[in-house]
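Asker: Fold the following for me, if possible:
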Amino acid sequence: MTTAPSRTTPGGHAVPAGPTDPEAGAVVAEGAPGRHGAPAGQAASGSTAPGKCPAPRGRTGSDTPRTPAGRPATEAGAAAPAALTAPADPARWPDIVTVPPASRPRTAVTAALVRRALRGLPLRVRFAGSGTEGLGGPLLEVHDPAAFHARIGAGGLVGFGESYMAGEWDAPDLVAALTVLAGNAAGLIPAPLQRLRGLWAPRHPQEERNTPDGSRTNISRHYDLSNDLFALFLDDTLSYSSAVFRGFPAGWDLLPAAQHRKIDRLLDLAGVGEGTRLLEIGTGWGELALRAAARGARVTSLTLSREQRALARERVRAAGLEDRVRIELCDYREARGEYDAVVSVEMIEAVGAEFWPEYFRTLDARLSPGGRVALQAITMPHERMLATRDTFTWIHKYVFPGGFIPSTTAIEETARDHTRLRVARRDAFGAHYAETLRLWRERFTERADDVEALGFDETFRRLWTFYLAYSEAGFRSGYLDVQQYLFTKENPVR
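Answerer: Residues are numbered from 1 along each chain as shown. Below is the predicted model:
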């Protein structure tokens, strides 16, 4: 059992990183959940090595899976997490234990800018020992204003998230407070500072570029944390992307059917049925591949996560579908062969903007003329995407390294300019992601003791709570959306 992260962030933290599902993923303000991953330069036994991905119609290999713990959920409601009660481990969380040094003038300027930004928001922000800001609304309690302002002054939104991890601020309704901030993200930073973003905002580390080796490392930092961890807050389908519900509010007992509804809709869009040669880019834990095979399809599914591949292969064996499904440790750029349909769920968020053309060219190259691509993607407004394209955020540092959420404009222009694929349909359902994330967050909170038993400490639990709440807030505010696309590729004119 994996009980602790096996990768470290640029700050030296042993934590996850990266989105987008698995079947792929989820997210917020300038980051999101996503889908597959594995250690750089490694190929598991029984697989095709990187650079030699298989053509259609292979057979599955075998390796030892790591199965979910499967502990029962409690019936308690999902209350807000308790304030930090134990100091963070300095070896694992150096940037949480240590408040960054800041001069008195810099801290004073940061405090003035923060208070200016908060003054016009429908929030109530209470600073210990120094009054309240905001127009009223959800409460945000700042327990240590000096540390709070020092972190924001040194790291911007990275510092804001780290301050929460350190227990320097809390909110009784974390999602409500973050929803206000996400809904007003474009105006939180004064216009003159926005224009100088390139000078003050942290930049992406070069080593987190999504080259083939970089992608393996980035994906591993999130999806290879522990299958048991994900099993604690996902439903039995182990789907890690937005579900599609019949109505709101959604209940936990309805989540598996809603995940199947999402998967079936994608398979229907792609025209998957008996005999279809299907390529899935981003395996997750295998639910989409299983449902496609049950329709009679021949499925090749690609992942970069060793943990996900091991469990997905075990699920395929248990279902007796080894003759129809093969799951390979393989980068999408290394795929070979031709397929009748391609499906990719919340994978594009892990690709990186500089590689979007190559990703879409791969979809085009692998698809037979007359075939279909069904794509599920988290999106953000185009102007915010352009403004934040080069900014390194808290999500990048602690959750999804190398991740970047596209806009619908970016998706459609990239497909138009670099492929023969054409958009035939697009459907948005962001409210469904907000509900999906709420159910995951509540489940994670209910099972905090089980998370601790897996070896994940209190600081990690606050990190993961903030990630889920931050992502949910992005969808509730409308800052983020999620789309299902159908792309078609016509037969060449004879």
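
Asker: Report the contact partners of residue 383.
Answerer: residue 186 (Cβ atoms under 8 Å, 6 or more residues apart in numbering). Quick note: C-beta positions are derived from backbone N, CA and C, even for glycine.

Asker: Could you rerun that using 7 Å?
Answerer: Residues near residue 383 by Cβ atoms under 7 Å, 6 or more residues apart in numbering: none.

Asker: Could you list the residues in contact with stretch 369-379?
Answerer: For stretch 369-379, contacts defined as Cβ under 7 Å, 6+ apart pick out 19-20, 27, 32, 241, 266, 269-271, 339-346, 348-349, 363, 367, 405-408, 411, 421, 480-492.

Asker: Just the CA coordinates for that stretch, please, in PDB.
Answerer: In PDB, the C-alpha atoms belonging to stretch 369-379 read as follows (Å, rounded to 0.1, in the frame of the first residue of the first chain):
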ATOM      1  CA  PRO A 369     -11.600   8.700 -41.900                       C
ATOM      2  CA  GLY A 370     -15.300   8.900 -41.000                       C
ATOM      3  CA  GLY A 371     -14.400   8.300 -37.300                       C
ATOM      4  CA  ARG A 372     -15.400  10.300 -34.200                       C
ATOM      5  CA  VAL A 373     -13.700  11.800 -31.300                       C
ATOM      6  CA  ALA A 374     -15.500  12.400 -28.000                       C
ATOM      7  CA  LEU A 375     -13.700  14.700 -25.700                       C
ATOM      8  CA  GLN A 376     -14.600  15.900 -22.200                       C
ATOM      9  CA  ALA A 377     -12.700  19.000 -21.100                       C
ATOM     10  CA  ILE A 378     -12.600  21.500 -18.300                       C
ATOM     11  CA  THR A 379     -12.600  25.100 -19.600                       C
END
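
Asker: buried residues in it?
Answerer: Buried residues in stretch 369-379, counted by 16 or more other Cβ atoms under 10 Å: 371-379.

Asker: What about residue 119, how many residues nearby?
Answerer: 12 (other Cβ atoms under 10 Å).

Asker: Look at the nearest residue to it once chain neighbours are set aside and say how many residues are nearby.
Answerer: Excluding the flanking residues, the one nearest residue 119 by Cβ to Cβ, 6 or more residues apart in numbering is residue 133, at 5.5 Å. Number of residues near residue 133 (other Cβ under 10 Å) recorded here: 20.

Asker: who's in contact with residue 133?
Answerer: Counting by Cβ under 7 Å, 6+ apart, residue 133 makes contact with 115, 118-119, 125.

Asker: about what we covered before: out of the contacts of stretch 369-379, which sit inside helices?
Answerer: 266, 269, 363, 408, 411 (DSSP state H).

Asker: Looks like the second one contacts residue 486 (just checking).
Answerer: The reference is to residue 269. Yes - between residue 269 and residue 486 there is a contact under Cβ atoms under 7 Å: 4.5 Å.

Asker: mind checking the SS state of residue 228?
Answerer: helix (DSSP: H, G, I helix; E, B strand; the rest coil).

Asker: Please shift the residue numbers so they start at 694 in all later answers.
Answerer: In the new count, where the first residue is 694, that last one comes out as residue 921.

Asker: list the contacts for residue 853?
Answerer: Residue 853 neighbours (Cβ under 7 Å, 6+ apart): residue 845.

Asker: Then residue 795?
Answerer: 843, 846-847.

Asker: mind redoing it with 8 Å?
Answerer: 803, 842-843, 846-847.

Asker: JSON lines for these, including secondary structure?
Answerer: Putting the contacts of residue 795 into JSON lines (three-state DSSP) gives the following:
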{"residue": "803", "secondary structure": "helix"}
{"residue": "842", "secondary structure": "helix"}
{"residue": "843", "secondary structure": "helix"}
{"residue": "846", "secondary structure": "helix"}
{"residue": "847", "secondary structure": "helix"}
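
Asker: Surely residue 805 is within a strand?
Answerer: No - looking at residue 805 with three-state DSSP, it is helix, so not inside a strand.

Asker: What is the neighbour count of it?
Answerer: Quick note: residue 805 (other Cβ under 10 Å) scores 11 neighbours.

Asker: sorry, back to before: so which two of the contacts of residue 795 are the farthest from each other?
Answerer: Greatest spatial distance in the contacts of residue 795: 842 and 847, 9.6 Å, computed using Cβ to Cβ.

Asker: And the helices in the stretch 794-943 of the chain?
Answerer: All helices of the stretch 794-943 of the chain, identified by DSSP state H, counting those that start in this stretch, fall at 797-812, 838-848, 850-858, 867-876, 878-881, 884-888, 890-893, 905-916, 920-926.

Asker: Could I get the average pLDDT for the last one?
Answerer: In this case it means helix 920-926. Mean pLDDT, computed over helix 920-926, is 97.

Asker: hang on, the earlier thing: which one of residue 842 and residue 847 is surrounded by more residues?
Answerer: A direct count of neighbours by other Cβ under 10 Å for residue 842 and residue 847 places residue 842 higher, at 26 against 19.

Asker: And that one, how close does it get to residue 789?
Answerer: If you measure residue 842 against residue 789 using Cβ to Cβ, to the nearest Å, the figure is 16 Å.

Asker: What backbone torsions are found at the residue nearest to residue 989 when sequence neighbours are not counted?
Answerer: Spatial nearest neighbour of residue 989, chain neighbours left out: residue 967 (3.4 Å); criterion: Cβ to Cβ, 6+ apart. Main-chain torsions, residue 967, degrees, to the nearest 10: phi -60, psi 120.
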